[in-house]
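In: Generate a structure from the sequence data that follows.
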Amino acid sequence: MKSYTLKSIGNSSDYMTVIREMEDGYVVRIVRDRDGYNEVKTDYISRELFDSCIRTGYLTEINQPVKVAVNA
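Out: So this is what the prediction gives:
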């Protein structure tokens, strides 16, 4: 599973982890820091949108593993 930081405003440390790759996109888990607690959301992102986010720098791959919350 690859993880990516999300471009955000301020000192937020939001990130996204690819849970599963599908033919036309990805199932991802997004973790956002909300004033000291993590908001965790599992969602789908199309391959086209994902590739666009990589190209524009909205998503940047993280080279070290990220701990993913399991109780979401």
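In: okay, CA-based contacts and neighbour counts for the rest of this
Out: Noted.
In: just the strands in the protein please.
Out: Assigned by DSSP state E, the chain shows strands spanning 3-6, 15-21, 25-34, 37-46, 59-62.
In: Single out the most deeply packed of those.
Out: strand 3-6 (a mean of 21; mean count of other CA atoms under 10 Å).
In: quick one: strands adjacent to that strand?
Out: Paired neighbours of strand 3-6 in the sheet (DSSP bridges): strand 15-21 (antiparallel), strand 59-62 (antiparallel).
In: what residues does that strand touch?
Out: Residues outside strand 3-6 that contact it (CA atoms under 8 Å, 6 or more residues apart in numbering) are 13-18, 58-63, 65-66.
In: what about the residue nearest the centre of the chain, distance to N63?
Out: Geometric centre of the chain, nearest residue: M16, 1.3 Å, by CA atoms, centre = their mean. Per CA to CA, to the nearest Å, M16 is found 13 Å from N63.
In: what's the answer for G25, then?
Out: 22 Å.
In: Out of the strands paired with strand 3-6, the one nearest Y37 is which?
Out: strand 15-21 (13.7 Å; CA to CA).
In: Specify the angle between that closest one and strand 25-34 in degrees.
Out: Interaxial angle of strand 15-21 relative to strand 25-34 (axes from the mean of the first three to the mean of the last three CA atoms, to 10 degrees): 160 degrees.
In: what's the average pLDDT for strand 15-21?
Out: Strand 15-21 carries an average pLDDT of 95.
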